[in-house]
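Enquirer: Quick one, fold the following:
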Amino acid sequence: MKKACLLMCMAIAMCLTACKEEKNKEASVISNTAPEITADVKADQEEAPKEMEKFELTDKGKAFLAQMCRELKDFDSQTTKDAAFWQDFLFNSYTGVSPEGAETEQVYREDLGFEETIVKISRQEAEDHAKLVFGTELPDIKPSFDDMEDGQTSCYYQDGYYYIGVSDFPDYQYTFADYEEADGDITVKYNIDFEGESNVGTVSFTIVPEDNENGFVIRSKTSEFSVF
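Expert: Just a heads-up that it's a prediction; the model follows:
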């Protein structure tokens, strides 16, 4: 009887020893792997946030805005972009285009009594230009030839093309002055010269960064004159 009890005690002791060894192995595995996992998590937590790229107004962007000084009417977030706004935008964007750099045609105007030189602009080109300037789609603006007033420089749509009469802008010169960033907006200023007079006014643009060929779109334009 004593022998049987002794054997049972030895068996129990061996089981307890085996369980203890198994737990020690598991603890060892956890101990060896935990630092690696913790290190990875800590590295992720301590990784410094990526800095936002600083906006840079390129020479191409400056030249584009100088062009917009001449072609784009003043506007801001309160301006109603109605049919008249977009028609003015289309006309001003292309009326001063050099005939050598665009497709042109001669259209006889009975009200004028002579053939008018007009620039032929595809709807797609006009859409791309509007997107580049404003970052928005060009609405379905299609003025007709018959709706034009007598003596008006041509601005009408026909068969997928806009026809814009060639005309000249006043002889203003626009020179880049500076730009500054504040609260996500960038303000760009140009000085205006006219007929030998320097700094007769300024043009200010508010632009915001955009993923396009200029790197920005225009949110507002304001012209101020100090002489006239």
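
Enquirer: C-alpha only now, for contacts and for neighbours.
Expert: OK.

Enquirer: Tell me who's in contact with P209.
Expert: Counting by C-alpha atoms under 8 Å, 6 or more residues apart in numbering, P209 touches F55, G215, F216, V217.

Enquirer: out of the residues you listed, which one sits closest to D178?
Expert: Distance to D178 across those (C-alpha to C-alpha) is lowest for F55, with 13.7 Å.

Enquirer: Could you pull up the residues touching the closest one?
Expert: P209.

Enquirer: rerun that using 10 Å as the cut-off
Expert: Contacts of F55 were listed using C-alpha atoms under 10 Å, 6 or more residues apart in numbering, and they are E181, G184, I186, V208, P209, G215, F216.

Enquirer: Need the buried ones from the residues you listed selected in ChimeraX.
Expert: The ChimeraX selection below is limited to those of those classed as buried (16 or more other C-alpha atoms under 10 Å):
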select :186,208,209,215,216
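
Enquirer: Turn the contacts of F55 into CSV, including pLDDT and distance to T222.
Expert: Shown next, in CSV, are the contacts of F55 (pLDDT from 0 to 100; distance: C-alpha to C-alpha, whole Å):
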residue, pLDDT, distance to T222
E181, 90, 17
G184, 75, 19
I186, 95, 14
V208, 95, 16
P209, 93, 19
G215, 95, 20
F216, 96, 17
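
Enquirer: Secondary structure and distance to Y108 added to the contacts of F55, as JSON lines?
Expert: Below are these laid out as JSON lines (DSSP: H, G, I helix; E, B strand; the rest coil; distance: C-alpha to C-alpha, whole Å):
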{"residue": "E181", "secondary structure": "strand", "distance to Y108": "50"}
{"residue": "G184", "secondary structure": "coil", "distance to Y108": "50"}
{"residue": "I186", "secondary structure": "strand", "distance to Y108": "46"}
{"residue": "V208", "secondary structure": "strand", "distance to Y108": "43"}
{"residue": "P209", "secondary structure": "strand", "distance to Y108": "44"}
{"residue": "G215", "secondary structure": "coil", "distance to Y108": "41"}
{"residue": "F216", "secondary structure": "strand", "distance to Y108": "40"}
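
Enquirer: Can you lay out the contacts of F55 as JSON lines showing distance to T79?
Expert: Listed next are the contacts of F55 as JSON lines, based on distance: C-alpha to C-alpha, whole Å:
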{"residue": "E181", "distance to T79": "23"}
{"residue": "G184", "distance to T79": "21"}
{"residue": "I186", "distance to T79": "19"}
{"residue": "V208", "distance to T79": "18"}
{"residue": "P209", "distance to T79": "21"}
{"residue": "G215", "distance to T79": "23"}
{"residue": "F216", "distance to T79": "20"}
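
Enquirer: C-terminal to the helix or strand of the chain with the lowest mean pLDDT, what's the next element?
Expert: Lowest on mean pLDDT, DSSP states H and E among the helices and strands of the chain sits helix 2-46, with a mean of 47. As assigned by DSSP states H and E, the chain's next helix or strand after helix 2-46 is helix 59-71.

Enquirer: Any idea how far whatever helix or strand comes next after that following helix is from the middle of the chain?
Expert: For helix 59-71, the following helix or strand on the C-terminal side (DSSP H and E) is helix 83-94. Centre-to-centre, helix 83-94 and its host chain are 20 Å apart (C-alpha atoms, centre = their mean, to the nearest Å).

Enquirer: Using neighbour counts, pick out the buried residues of helix 83-94.
Expert: For helix 83-94, using 16+ other C-alpha under 10 Å, the buried residues are W86, Q87, F89, L90, F91, N92, S93, Y94.
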